[in-house]
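Chemist: Here is a sequence together with a model predicted from it:
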Amino acid sequence: MGSFIYGCRGFDELETKQFSWIMSRLNKQFSFEDCSFGLSQNKRETARGSMSGFVGHKKSLTVESSFFGYRTSDGKKHFEVRDLEKIG
């Protein structure tokens with residue numbers, strides 16, 4: 001739930017994790033815990049996989065948002081337009 005990042009493994013993995021962590025501190029809608037850093041075999045054909053492997057661009061990542069909304073201390077909340085605008 002929430003917004004999260006799929007990042008690639010590589011020499012800048014720490015940098016990608018730092019970016020994700022900062023996003024989670026700036027936006028309550030963003031979940032660092034739901035981020036994933038790696039590229040499974042079935043994801044190598046995606047744009048992120050192609051940029052990382054074929055082109056050699058190791059800073060490729062995907063930001064995704066759940067249709068269900070995000071978690072808050074009071075439970076779960078649906079995304080509003082302004083929530084998604086904050087994420088970018």
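Modeler: Looks like it arrived, so ask away.

Chemist: how about stretch 66-86: buried residues?
Modeler: Using 16 or more other C-beta atoms under 10 Å as the burial criterion, the residues of stretch 66-86 that qualify are Ser66, Gly69, Tyr70, Arg71, Lys77, Phe79, Asp83. Every C-beta, even on glycine, is put in place using the N, C-alpha and C of the backbone.

Chemist: Would you mind checking which helix or strand in the protein has the lowest mean pLDDT?
Modeler: Using mean pLDDT, DSSP states H and E, helix 47-53 stands out as the lowest-scoring helix or strand of the chain, at a mean of 63.

Chemist: Starting from it, tell me the next helix or strand along the chain.
Modeler: As assigned by DSSP states H and E, the chain's next helix or strand after helix 47-53 is strand 61-65.

Chemist: any idea of the mean pLDDT for the lengthiest helix in the chain?
Modeler: Assignment by DSSP state H gives helix 13-26 as the longest helix of the chain. For helix 13-26, the mean pLDDT works out to 85.

Chemist: quick one: that helix to strand 61-65, angle?
Modeler: Calculated by axes from the mean of the first three to the mean of the last three C-alpha atoms, to 10 degrees, helix 13-26 forms an angle of 30 degrees with strand 61-65.

Chemist: Render the CA-only coordinates of helix 13-26 in CSV, please.
Modeler: Extracted C-alpha coordinates of helix 13-26, given in CSV (Å, rounded to 0.1, in the frame of the first residue of the first chain):
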residue,chain,number,x,y,z
GLU,A,13,22.1,0.9,-4.7
LEU,A,14,22.9,2.9,-1.6
GLU,A,15,22.0,6.1,-3.5
THR,A,16,18.7,4.7,-4.6
LYS,A,17,17.9,3.5,-1.1
GLN,A,18,18.8,7.0,0.3
PHE,A,19,16.5,8.6,-2.2
SER,A,20,13.7,6.3,-1.3
TRP,A,21,14.3,6.9,2.4
ILE,A,22,14.2,10.7,1.9
MET,A,23,10.9,10.3,-0.1
SER,A,24,9.4,8.4,2.9
ARG,A,25,10.4,11.2,5.3
LEU,A,26,8.9,13.9,3.1
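
Chemist: No further queries at this time; thank you.
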